[in-house]
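> Sequence plus predicted model, see below.
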Amino acid sequence: IDSTGKVKMEAVSDSESMRRRNYQRGNVINFLDGDSLSQASYGYGQTTLVSDKSRVFKGGSWNDRAYWLSPGTRRYMEEDQAASTVGFRCAMDRMGSPEGNKRKTGNFFKTKKQKR
């Protein structure tokens, strides 16, 4: 933000925006001008939707409908793509304390002994 409170413009190169879904080119001067080169299309025979690069992500984000919060729903995205609404969360492989069974969980601090 500059001294007048406006957001500063920053140029985005094509290599930085290559795997983004919200835009693909930094120079959008001819966006939707009607020619066939400005349309995004699927290249039949050149790419495939089934590959070793596609990954499943489950769950929903702050920007999704409640449908995606169901554990049975899944979506696919290529492993080298990025999206602002896809993240990760840490999960444990067992329930209970990390040290093992019959141990208390949580933080334990030493208590001062009471003077008599």
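That came through fine.

> Show me which residues of the helix or strand hosting residue 77 are buried.
Using DSSP states H and E, residue 77 sits in strand 75-78. Under the neighbour-count criterion of 16 or more other CB atoms under 10 Å, strand 75-78 has nothing buried. Every C-beta, even on glycine, is put in place using the N, C-alpha and C of the backbone.

> Only alpha carbons, please: show it as PDB.
Output of strand 75-78 as PDB, limited to C-alpha atoms (Å, rounded to 0.1, in the frame of the first residue of the first chain):
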ATOM      1  CA  ARG A  75     -12.500 -33.700  -6.200                       C
ATOM      2  CA  TYR A  76      -9.400 -34.100  -8.400                       C
ATOM      3  CA  MET A  77      -6.500 -31.700  -9.100                       C
ATOM      4  CA  GLU A  78      -3.100 -32.200 -10.700                       C
END
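
> Show residues contacting that strand.
The contact list for strand 75-78, computed with CB atoms under 8 Å, 6 or more residues apart in numbering, reads 19, 51, 53, 54, 55, 56, 57, 58, 68, 83, 86.

> Of those residues, which pair is most distant in space?
Pairwise distances across the contacts of strand 75-78 (CB to CB) peak at 22.9 Å, for the pair 51 and 68.

> wait, doesn't residue 54 sit right on residue 79?
Yes - between residue 54 and residue 79 there is a contact at 7.4 Å, judged by CB atoms under 8 Å.
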